[in-house]
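Participant: okay, here's the prediction I keep looking at, along with the sequence it came from:
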Amino acid sequence: MNIALIVKRLDVQGGIQREVLYFAIELQKKGHDVTVYTVRHQKGKGFVNLINQVRVVSLPEQFCSSGIRFIRRFFPLFISEQLRDIRNAKSLAMLIDPTTECLNPHHDPVTYKAAYYFKKYIHKIPSVWMMNDFNTKYSSFLRSGELRGRGQLSLLKHAGYWIFDTYERMHFIKVQEAITVLDYHDRDLARQYLKRDAIVVRQGVDVSQFPFIVHKSPEKRPVKILMIGIFFTHRRFEDAVRALHILRESGDECLLTIIGDQATDQIYAHAIKDLVHEYDLNNIVTFRGRVSEKELFDAYADHDIFLFPSHLQSWGLAVFEAMASGLPVIVSRTAGASEVLTHDENALIVDPKKPSEIALSIQRLVNDPVLYKKLSRYGRVFVEKKLSWKQYAQTMLGIFKRVMRSHH
């Protein structure tokens, strides 16, 4: 089967990029002809080792940057973003091999729009949209309000968002033969806002890349806590900072490392740094920014606890990478990853936006070596048995074949 995987960016390191690249590799192992199509790709950036194993086709960098400058010069931000996406989607669609048999856009609207334009102008073939995160305009506003405490929508904006979302749903999303999601929460949102039944497919982990390290409970030394994620408000880094403040007030010594690209939301990044300064934690919290794959693997091996307090976030691949590495994990109940985890068996699950619960969970792991060892061991076992890219690929292929039969 000739399959086109479509992703907005390959020049960053995130869960979506891992998903697309590992999926492409697994499809190739099964004998399929696979190409990854992307708007943005720069040599030497992103998951280089994975990228080198697949065929990648991208828009020229100069084309993307020149288009953005031209559009922003003449239109307001919201309109210019939509025009940019349409321009990029059409251009990317023209690069897709006409003999492709199935399209698989991932996450961003520009990807399912590229699938739409390929079907419109080139060939009407099945398309399966992997909706990694739910992001209609209206639902995004509600989510942003929950995260930032924003007020009510004006009637004008309410109407504008409704019109925009309805157009997206009836024009671009309607032509997707199937929608897949990573968790039950997004499945319910798809049913509510898109009037579609989505299929839950869990991401995998390449355990060979994350060797199990025997971690010991840090009873008599500073606890080294790790967080990983591109900076967005749903990451709730502030909860970790406040938890550290609580722990220090109680006499517990902790160190926090945050790995993740800060350029994605610089306002949020500055707010977190201001909070660190406010609590006088500058010598305790380290911002690593982007790191290489080797540095990422070393970070999993070098820390004691992995913290993932994200609120209203789909899945959370880093949680399972940490578990594969033997790190006990503390996960928010409203992160998609919590749906498959069991409290006190392979993870500690806390309520969202509760720094005090995070602090208590860290203290439990420090003061209970038996629990620490249990979560470390059973976390790895869970990932080995339940999550793999091979399983992900098999599930997605089954969906591809089903929609192709229905399409004919």
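Facilitator: It's in. Numbering: from 1, shown residues only.

Participant: which residues touch residue 400?
Facilitator: The neighbours of residue 400, taking CB atoms under 8 Å, 6 or more residues apart in numbering as the test, are 1, 3, 102, 104, 126, 128. For glycine as for every other residue, the C-beta is placed from the backbone atoms N, C-alpha and C.

Participant: please redo it, this time with the cut-off set to 7 Å
Facilitator: By CB atoms under 7 Å, 6 or more residues apart in numbering, the contact set of residue 400 is 102, 128.

Participant: and what of residue 362?
Facilitator: Counting by CB under 7 Å, 6+ apart, residue 362 has contacts 223, 243, 247, 254, 305.

Participant: mind picking the one among those residues that's closest to residue 205?
Facilitator: Lowest distance from residue 205 to the contacts of residue 362 (CB to CB) belongs to residue 305, with 18.6 Å.

Participant: please name the nearest non-neighbouring residue to the closest one.
Facilitator: residue 225 (5.0 Å; CB to CB, 6 or more residues apart in numbering).

Participant: figure out how far the host helix or strand of that neighbour is from the centre of its chain.
Facilitator: Element membership for residue 225, per DSSP states H and E: strand 223-228. Remark: strand 223-228 is offset 19 Å from the chain centroid, using CA atoms, centre = their mean, to the nearest Å.

Participant: what's the mean pLDDT across it?
Facilitator: The average of the pLDDT scores along strand 223-228 is 97.

Participant: distance of residue 250 from residue 243?
Facilitator: 11 Å (CB to CB, to the nearest Å).

Participant: of these two, who's got more company?
Facilitator: Set side by side, residue 250 and residue 243 show more neighbours around residue 243, with 26 against 9, by other CB atoms under 10 Å.

Participant: was I right about that one contacting residue 357?
Facilitator: No: if you go by CB atoms under 7 Å, residue 243 and residue 357 don't touch, sitting 8.3 Å apart.

Participant: secondary structure element holding the residue nearest to residue 119 when sequence neighbours are not counted?
Facilitator: Closest residue in space to residue 119, ignoring its immediate chain neighbours: residue 175 at 5.8 Å, by CB to CB, 6+ apart. Using DSSP H and E, residue 175 sits in no helix or strand.

Participant: for the helix or strand residue 157 falls within, which positions count as buried?
Facilitator: Residue 157 is part of helix 155-167 when elements are defined by DSSP H and E. Buried positions in helix 155-167, judged by neighbour count with 16 or more other CB atoms under 10 Å: 161, 165.

Participant: before we move on, what about stretch 370-380?
Facilitator: Buried-residue list, stretch 370-380, by 16+ other CB under 10 Å: 371, 372, 373, 375, 376, 377, 378, 379, 380.

Participant: need the residues that contact that stretch.
Facilitator: So stretch 370-380 is in contact with 212, 215, 217, 323-324, 326, 328-329, 345-347, 364-365, going by CB under 7 Å, 6+ apart.

Participant: which among the buried residues of stretch 370-380 gets closest to residue 110?
Facilitator: residue 379 (35.5 Å).

Participant: so where's the stretch 151-300 of the chain uncertain?
Facilitator: Counting by pLDDT under 70, the stretch 151-300 of the chain shows low-confidence ranges at 151-153, 158.

Participant: now do the helices in it.
Facilitator: Ranges of helices in the stretch 151-300 of the chain, per DSSP state H, counting those that start in this stretch, are 155-167, 184-189, 237-249, 266-278, 293-302.

Participant: most tightly surrounded among those?
Facilitator: helix 237-249 (a mean of 21; mean count of other CB atoms under 10 Å).

Participant: count the neighbours of residue 357 for me.
Facilitator: By other CB under 10 Å, neighbour count at residue 357 equals 20.

Participant: for it, pull up the helix or strand it's in.
Facilitator: Here residue 357 is assigned to helix 355-367, by DSSP H and E.

Participant: hey, C-alpha coordinates of that helix in CSV?
Facilitator: Presented in CSV, the C-alpha positions along helix 355-367 are these (Å, rounded to 0.1, in the frame of the first residue of the first chain):
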residue,chain,number,x,y,z
PRO,A,355,0.5,21.5,43.9
SER,A,356,-0.1,20.2,47.4
GLU,A,357,-1.0,16.7,46.1
ILE,A,358,2.1,16.7,43.9
ALA,A,359,4.2,17.6,47.0
LEU,A,360,2.6,14.8,49.0
SER,A,361,3.2,12.3,46.2
ILE,A,362,6.8,13.2,45.9
GLN,A,363,7.2,12.8,49.7
ARG,A,364,5.5,9.4,49.5
LEU,A,365,8.0,8.2,46.9
VAL,A,366,10.9,9.5,48.9
ASN,A,367,9.8,8.0,52.2
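
Participant: can you show me the helices along the stretch 301-408 of the chain?
Facilitator: 317-324, 355-367, 369-386, 389-407.

Participant: buried deepest among these, which one?
Facilitator: Mean neighbour counts for the helices of the stretch 301-408 of the chain (mean count of other CB under 10 Å) peak at helix 317-324, with a mean of 27.

Participant: list the helices and strands it packs on?
Facilitator: Judged by 3 or more CB pairs under 7 Å, 6 or more residues apart in numbering; DSSP states H and E, the packing partners of helix 317-324 are strand 305-308, strand 329-332, helix 369-386.

Participant: thank you, goodbye.
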